[in-house]
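K.L.:
Predicted model follows, preceded by the sequence.
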Amino acid sequence: MDKGLSSFISRLPLKPKPLINKQEITPGVFVLRFERSHDFLPGQVVGITTDKAIPARLYSLCSGTEDNYLEVLFNVKEDGILTPILAQLNVGDPVSVSKPFGAFLGDDEPAWWIAAGTGVAPYRAMLRSGLGSNKMLIHGGRTADSFYFSEELSASLGDKYIRCCSQEKNEAFYNGRLTNWLREQNEIPKNQNYYLCGSAEMVVEVRDILINKGVAIERIMSEIYF
Ligand SMILES: Cc1cc2nc3c(=O)[nH]c(=O)nc-3n(C[C@H](O)[C@H](O)[C@H](O)COP(=O)(O)OP(=O)(O)OC[C@H]3O[C@@H](n4cnc5c(N)ncnc54)[C@H](O)[C@@H]3O)c2cc1C
């Protein structure tokens, strides 16, 4: 993790909250639910850890502002420090959680939401907070089970929900990487915002594609996960 970010995170005040639900939604991918004690804006993140000795990691809230709990989505990094521990938690275990913060915020304006992997989390928060109209979600994943929350997202967004699957063929998906899907679009709207969420590699590649297609840089909002 970048030193500047880790030093910021190490100063975040954390409060213990009991875990009220843990669901493994697909192998190695979990949704954790906590009691809600703060308001937040859809798109914001919280810092989470289980132990004073382990610096908090950041997670986008994936629950909506009308939900009376907070939820985060994460995938286990086998060689990571915190996520293997989070995956072993039991309901009732205390977890240290910060106040929500961050500036990757959804609004009512038309936009494309672009995500890879767990980067779909903030868009689920935005959708559950009533910001789904005028939005298109383009989600990239390797396998068919990478499209977390797909039933919910599909029910709300219909044909404005594009799943780009790079390693499994299925007629419900675009077969290929989301960057290829974007490159193949001849005309993309210029007068709207683009939200990008996921790995640094994906964000940089998508940003370049959008700029090459004539999107102004001011229209591109990014949240980089690692
Ligand atoms: C703003 C923001 C929001 C985020 N939101 C989410 C989210 O909603 N869901 C989600 O799943 N994740 C999210 N993340 C990522 C998350 O914060 C953690 O980085 C992730 O869960 C891994 O944590 P870990 O402790 O298991 O792994 P870590 O121990 O932090 O390691 C992560 C990976 O980096 C590698 N690594 C560790 N140290 C080094 C090093 N010194 N050099 C090279 N490689 C190294 C490890 O091998 C591992 O593969 C977000 C990150 C940011 C910055």
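P.N.:
Sure, I can see it. These figures come from a predicted structure and were not determined experimentally. Numbers count the residues shown, from 1 in each chain.

K.L.:
got the end-to-end distance for stretch 8-18?
P.N.:
One end of stretch 8-18 sits 24 Å from the other (Cα to Cα, to the nearest Å).

K.L.:
and for that stretch, what are the contacting residues?
P.N.:
1, 34-35, 37, 47, 49, 55-58, 91-99 (Cβ atoms under 8 Å, 6 or more residues apart in numbering). From N, CA and C alone the C-beta is placed, and that goes for glycine too.

K.L.:
which of those residues count as buried?
P.N.:
34, 47, 49, 55, 56, 57, 58, 95, 96, 97, 98 (16 or more other Cβ atoms under 10 Å).

K.L.:
In TSV: those residues, plus distance to residue 206, pLDDT and secondary structure.
P.N.:
Formatted as TSV, those follow (distance: Cβ to Cβ, whole Å; pLDDT from 0 to 100; DSSP: H, G, I helix; E, B strand; the rest coil):
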residue	distance to residue 206	pLDDT	secondary structure
34	31	96	strand
47	26	97	strand
49	30	97	strand
55	29	94	coil
56	27	96	coil
57	23	97	strand
58	20	98	strand
95	32	96	strand
96	33	97	strand
97	30	97	strand
98	28	96	strand
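
K.L.:
And the residues you listed, which two are furthest apart?
P.N.:
34 and 55 (18.9 Å; Cβ to Cβ).

K.L.:
Please list all residues in contact with the residue nearest to residue 28 when sequence neighbours are not counted.
P.N.:
Using Cβ to Cβ, 6 or more residues apart in numbering and skipping the chain neighbours, the partner closest in space to residue 28 is residue 76 (4.6 Å). Counting by Cβ under 8 Å, 6+ apart, residue 76 touches 28, 29, 30, 83, 84, 86, 87.

K.L.:
Then residue 24?
P.N.:
30, 87.

K.L.:
I'd like the numbering to begin with 20 instead of 1 from here.
P.N.:
Yes, from this point I'll number from 20; that puts the last item at residue 43.

K.L.:
Which neighbours in the sheet does the strand or helix carrying it have, and how are they oriented?
P.N.:
Counting by DSSP states H and E, the element that carries residue 43 is strand 33-45. Here strand 33-45 is paired, per DSSP bridges, with strand 48-54 (antiparallel), strand 113-117 (antiparallel).
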